[in-house]
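Trainee: 3D, please:
(one chain, ligands or ions: 1)
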Amino acid sequence: MRYVSTRGAAATVGLSGAIAAGLAPDGGLYVPEAMPRVDMPRSPGSLAGTAAHMLEPFFAGDPLAMELPAICAEAFAFPAPRRELRIDRAYLLELFHGPTAAFKDFGARFLAACLVRLRRDADRPLTILVATSGDTGAAVGAAFDGVPGMRVAILYPDQRVSPRQAHQLGSFGDNVRALRVAGSFDDCQRLVKAALGDATLQADVPLSSANSISLGRLLPQMAYFGRAALSATQRMNTIVPTGNLGNAVACLWAREIGFPIGDVVFACNANETLPEFFAGRPYRARDAVATIANAMDVGAPSNFERLRHLFGGDEATRLHGHAESVDDAEIRDTIHRHAAADGEVFCPHTATGIRVLERLRMAGDEREWTMAATAHPAKFDTIVEPLIGREVEVPDALKAMLERESLAEPMAADSRVFSEWLRGWQ
Ligand SMILES: N[C@@H](CCOP(=O)(O)O)C(=O)O
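Mentor: Below you'll find the model as predicted:
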């Protein structure tokens, strides 16, 4: 399998090359030259087993192919149950049972397992850059914490992540440093992409990415959608809360390779880049606005390039997807109402998906839907607890992380300042 850039101006590469680079040299995102078709397993099997089966053609011909089962076993070491909600014909795909209580744990651990193998003989450390609006950074920090030969720089928008997320981001060992950037998530993403595209900087400081721009993050995210779809009794219509569009593209790729996934709807917060596009207006990236579903505060979703590439242009993309915007008042109302009526407690991001389901029901849609639950509500205690009138139990791994010391350094939203900081990291 070979990979091409969405911008079409970079040489094709194998999977290891694409994972090592993170971003293509022309600034585009790597995608498979042709999407494979995968035979459906007879029964769902384990999550790690489904992942290895789904990803096999993507690894074909690559030095990592032999190690794929071991990589999957390391990454998919905790469950992703699809459980029936106490809401009519609705299921929740719980993706928050990993060490940092968000879906990003799967992809971050998969990427770490790949990069450790690719860098076995490297004589210089690799610095992994990650822009985060709250969840990715901690997952990547946890996956690379203390790993020899690997360093992580986490960039997050200062004051625009939840207090517990901020604590997590600064709670790792010396090889993981948290930078609180004076700006938005989109500024953080710009700094990361500028650094990755700077050949002179890369000669001094070898860099890679751990955002969903990296195939090593995106490909494994197909697995839990595929596994969940196999366990459903009919094609799995799916609502995916989304910001940077990584999870949504992973779900669509899983459908594209043949897994029984039906309609896919993107649930967004008040950041309207995608809802506006799907409503027929031209794609217009802008700076993110702050919301209580902060991990989705993205104004320029990186994976939009992959979406457009998958369907071949704007009109075709609009035919295959749909996006809805949910504002903070609706998110609050959804969390409050469901806790009171049926005892279901959702994080603000998952609540956007639940709200979109309610809109579908109001429009007469009677079908079965599955909502991706992106993070554990305990990460957003300051928002959720006042709405539900009680404490949310904190998962053990998150509790342990919150007991550690936490430290973050200030960083200007300026790529020259960031490059110098990287050069100065001894
Ligand atoms: N929602 C993210 C933003 C970055 O997304 P990614 O999937 O590209 O890493 C976060 O929580 O940081």
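Trainee: Looking at stretch 322-338 now, give me its mean pLDDT.
Mentor: Taken as a whole, stretch 322-338 carries a mean pLDDT of 98.
Trainee: Let me fix that, I meant to ask about stretch 167-176.
Mentor: Confidence over stretch 167-176, taken as the mean pLDDT, stands at 97.
Trainee: and if you look at stretch 271-282?
Mentor: Model confidence over stretch 271-282, given as mean pLDDT, is 98.
Trainee: Convert the C-alpha atoms of it to CSV, please.
Mentor: Output of stretch 271-282 as CSV, limited to C-alpha atoms (Å, rounded to 0.1, in the frame of the first residue of the first chain):
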residue,chain,number,x,y,z
ASN,A,271,-17.9,26.3,16.0
GLU,A,272,-19.8,26.3,12.7
THR,A,273,-17.1,25.7,10.0
LEU,A,274,-18.6,22.2,9.2
PRO,A,275,-22.3,22.9,9.7
GLU,A,276,-22.0,25.9,7.4
PHE,A,277,-20.2,23.9,4.8
PHE,A,278,-22.7,21.0,4.8
ALA,A,279,-25.6,23.6,4.7
GLY,A,280,-24.2,24.5,1.2
ARG,A,281,-21.9,27.5,1.9
PRO,A,282,-18.2,27.5,0.8
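Trainee: Okay, buried residues for that stretch please.
Mentor: Burial within stretch 271-282, assessed by neighbour count using 16 or more other Cβ atoms under 10 Å, is assigned to Asn271, Glu272, Thr273, Leu274, Pro275, Glu276, Phe277, Phe278. Using the backbone N, CA and C atoms, a C-beta is placed for each residue, glycine as well.
Trainee: Which residues are in contact with Phe144?
Mentor: When the contact criterion is Cβ atoms under 8 Å, 6 or more residues apart in numbering, the partners of Phe144 are Ala108, Ala112, Ile128, Met150, Arg151, Val152, Asn175, Val176, Ala210.
Trainee: got these as a markdown table, with neighbour count and secondary structure columns?
Mentor: Rendered in a markdown table, the data for the contacts of Phe144 read as follows (neighbours: other Cβ atoms under 10 Å; DSSP: H, G, I helix; E, B strand; the rest coil):
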| residue | neighbour count | secondary structure |
| --- | --- | --- |
| Ala108 | 32 | helix |
| Ala112 | 25 | helix |
| Ile128 | 28 | strand |
| Met150 | 21 | strand |
| Arg151 | 20 | strand |
| Val152 | 26 | strand |
| Asn175 | 18 | coil |
| Val176 | 26 | strand |
| Ala210 | 31 | coil |
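Trainee: Looking at these, which is nearest Leu387?
Mentor: When those are compared for distance to Leu387, the smallest value, 29.0 Å, is given by Ala108; criterion: Cβ to Cβ.
Trainee: dump the residue contacts of that closest one.
Mentor: When contacts are counted by Cβ under 8 Å, 6+ apart, Ala108 is found next to Thr136, Ala139, Val140, Ala142, Ala143, Phe144, Ala210, Arg217.
Trainee: can you rerun that using 7 Å?
Mentor: Ala108 sits next to Ala139, Val140, Ala143, Ala210, Arg217 when contact means Cβ atoms under 7 Å, 6 or more residues apart in numbering.
Trainee: Let me have the residues you listed in CSV, extended by distance to Ala90, pLDDT and secondary structure.
Mentor: Output for the contacts of Ala108, formatted as CSV (distance: Cβ to Cβ, whole Å; pLDDT from 0 to 100; DSSP: H, G, I helix; E, B strand; the rest coil):
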residue, distance to Ala90, pLDDT, secondary structure
Ala139, 26, 98, helix
Val140, 31, 98, helix
Ala143, 31, 98, helix
Ala210, 32, 98, coil
Arg217, 28, 98, helix
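Trainee: Now the closest residue to Arg404 other than its chain neighbours: which helix or strand?
Mentor: For Arg404, ignoring the flanking residues on the chain, the nearest one in space by Cβ to Cβ, 6 or more residues apart in numbering is Ser171 at 4.3 Å. Take DSSP states H and E as the rule and Ser171 turns out to sit in neither a helix nor a strand.
Trainee: residue contacts, Ser171?
Mentor: Applying Cβ under 7 Å, 6+ apart to Ser171 gives the contacts Met401, Arg404, Glu405, Ser406.
Trainee: Return the distance of the first one relative to the ligand.
Mentor: If I follow you right, that is Met401. In this structure, Met401 lies at 15 Å from the ligand, with Cβ to the nearest ligand atom, to the nearest Å as the measure.
Trainee: packing partners for the helix or strand that residue falls within?
Mentor: Using DSSP H and E, Met401 maps to helix 396-403. Packed against helix 396-403 by the contact rule (3 or more Cβ pairs under 7 Å, 6 or more residues apart in numbering; DSSP states H and E) you find helix 163-169.
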